[in-house]
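S.K.: My questions concern the predicted model and sequence given below.
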Amino acid sequence: MRTTLTIADDVAAQLDRVRNARKARLKDVINEALREGLKHLSAKEPLPAPFQTESVSLGRCLVDSIDDVADTLAAAEGEDFR
């Protein structure tokens, strides 16, 4: 297939470096780069391991019920919570 590409300056410079190092034709370097890039883009990324949080014991509850906010604050911060 024949087509026209507009290649960014930085990509063209990298292609020229690779082409000169390998003494290869530009179209061969571009085709190889596209093959490798497409292989990378179409590869399925492995799913990350599920995150698990370790449980810890917080000890017994210091108040009988948290329904009474004043008693809960008094137990947590002392009687001077106000």
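M.R.: Looks like it arrived, so ask away. This is a predicted model, so every value here is computed, not measured.

S.K.: With just CA atoms, put the one helix or strand R17 maps to into PDB.
M.R.: Assessed by DSSP states H and E, R17 sits inside helix 9-22. The C-alpha atoms that make up helix 9-22 are tabulated as PDB, following Å, rounded to 0.1, in the frame of the first residue of the first chain:
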ATOM      1  CA  ASP A   9      10.200  16.300  13.500                       C
ATOM      2  CA  ASP A  10      11.300  14.400  16.600                       C
ATOM      3  CA  VAL A  11      10.000  11.100  15.100                       C
ATOM      4  CA  ALA A  12      11.700  11.800  11.800                       C
ATOM      5  CA  ALA A  13      15.000  12.400  13.600                       C
ATOM      6  CA  GLN A  14      14.700   9.100  15.400                       C
ATOM      7  CA  LEU A  15      13.900   7.300  12.200                       C
ATOM      8  CA  ASP A  16      17.000   8.900  10.500                       C
ATOM      9  CA  ARG A  17      19.200   7.700  13.400                       C
ATOM     10  CA  VAL A  18      17.900   4.200  13.200                       C
ATOM     11  CA  ARG A  19      18.100   4.100   9.400                       C
ATOM     12  CA  ASN A  20      21.700   5.400   9.500                       C
ATOM     13  CA  ALA A  21      22.700   2.900  12.200                       C
ATOM     14  CA  ARG A  22      21.300   0.000  10.400                       C
END
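
S.K.: contact partners of that helix?
M.R.: The contact list for helix 9-22 (CB atoms under 8 Å, 6 or more residues apart in numbering) reads I7, A24, R25, L26, V29, I30, A33. Where C-beta positions appear, they are placed from N, C-alpha and C, glycine not excepted.

S.K.: farthest pair in these?
M.R.: Put simply, by CB to CB the two of the contacts of helix 9-22 set farthest apart are I7 and A24, 16.3 Å from each other.

S.K.: got the buried residues for the helix or strand bottoming out on mean pLDDT in the chain?
M.R.: Least confident helix or strand, the chain: helix 69-77 with a mean of 80, by mean pLDDT, DSSP states H and E. By 16 or more other CB atoms under 10 Å, the buried positions in helix 69-77 come out as T72, A75.
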